[in-house]
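Colleague: here is the input, now give the coordinates:
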Amino acid sequence: MKKMKKMKVIKSLALAALAVCIFTSCKEKEPEQPPVVEDNVYAGKVTVVAYGQSQESDLEVKALSTAKEDSIVLFLQRVQFVPQMPGLDIKIPVQAATTADYVALSGTGITPYLVSATGDDTPYPTFSIDNVSGKITSDSLIFSTDIVVVDGGLGFPVGLTFPTSFAGKLKK
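Modeller: Next up, the predicted model:
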């Protein structure tokens, strides 16, 4: 009888230990933290297609946080659409949606801002930024967009589109 009682106690303890192991192993995983955009700088390559010709060059893009949680400003420094054109500093405000793993970028019909040598932002309605698609991860930024001429400025014909893409790594 004592032996049976001992066996019952051992079985009960074993079942209790098994239940504890199962309960703790089923604990939900902590979700990954989304990347934080705090004026990060990404160095990489930009490709601009003009008149059917691709031009690839080095570019730094700053992803600037804004007061709004659902937007980010992409600051393209010294970007050129064609080789004979001077490099422009352009800011593009885009929509940002944070997921568990990345920040998704989107937008269309965006008026970019030209940044002057003094740092002033001026709306630049010569172009419209359309079809923005991209993402920011913990260590990279990729995006593509169409930059469309809307008023014929700089001698470009209205409607001319410059498909543009960028892929870069976080500069540390």
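Colleague: which stretches of the chain form strands?
Modeller: Here the chain has its strands, by DSSP state E, at 40-50, 53-65, 71-79, 88-98, 103-107, 113-115, 121-123, 127-136, 140-149, 161-170.
Colleague: now the first one: buried residues?
Modeller: When burial is assessed from 16 or more other Cβ atoms under 10 Å, strand 40-50 yields the following buried residues: N40, V41, Y42, G44, V46, V48, A50. C-beta: built from backbone N, CA, C; applies to glycine.
Colleague: then the longest one?
Modeller: Within strand 53-65, the residues that count as buried by 16+ other Cβ under 10 Å are L59, E60, V61, K62, A63, L64.
Colleague: one more: the fourth one?
Modeller: Residues of strand 88-98 classed as buried by neighbour count (16+ other Cβ under 10 Å): L88, D89, I90, K91, I92, P93, V94, A96.
Colleague: what of the fifth one?
Modeller: Residues of strand 103-107 classed as buried: V103, L105, G107 (neighbour count, 16+ other Cβ under 10 Å).
Colleague: which one among the buried residues of strand 53-65 gets closest to P125?
Modeller: Checking those against P125 with Cβ to Cβ, the nearest one is L64 at 20.9 Å.
Colleague: count of residues packed around L141?
Modeller: 28 (other Cβ atoms under 10 Å).
Colleague: please apply the same query to P112.
Modeller: Look at P112: counted by other Cβ under 10 Å, it has 23 neighbours.
Colleague: that one and V94 touch, don't they?
Modeller: No - if you go by Cβ atoms under 8 Å, P112 and V94 don't touch, sitting 10.4 Å apart.
Colleague: quick check: pLDDT value at E28.
Modeller: pLDDT, E28: 55.
Colleague: same deal with A67?
Modeller: Taking A67 on its own, its pLDDT is 78.
Colleague: who does K169 bridge with?
Modeller: Under the criterion DSSP bridges, K169 forms beta bridges with A43, S140.
Colleague: where does it land on pLDDT?
Modeller: pLDDT at K169 comes out at 97.
Colleague: which ones are touching it?
Modeller: Residues near K169 by Cβ atoms under 8 Å, 6 or more residues apart in numbering: Y42, A43, G44, D139, S140.
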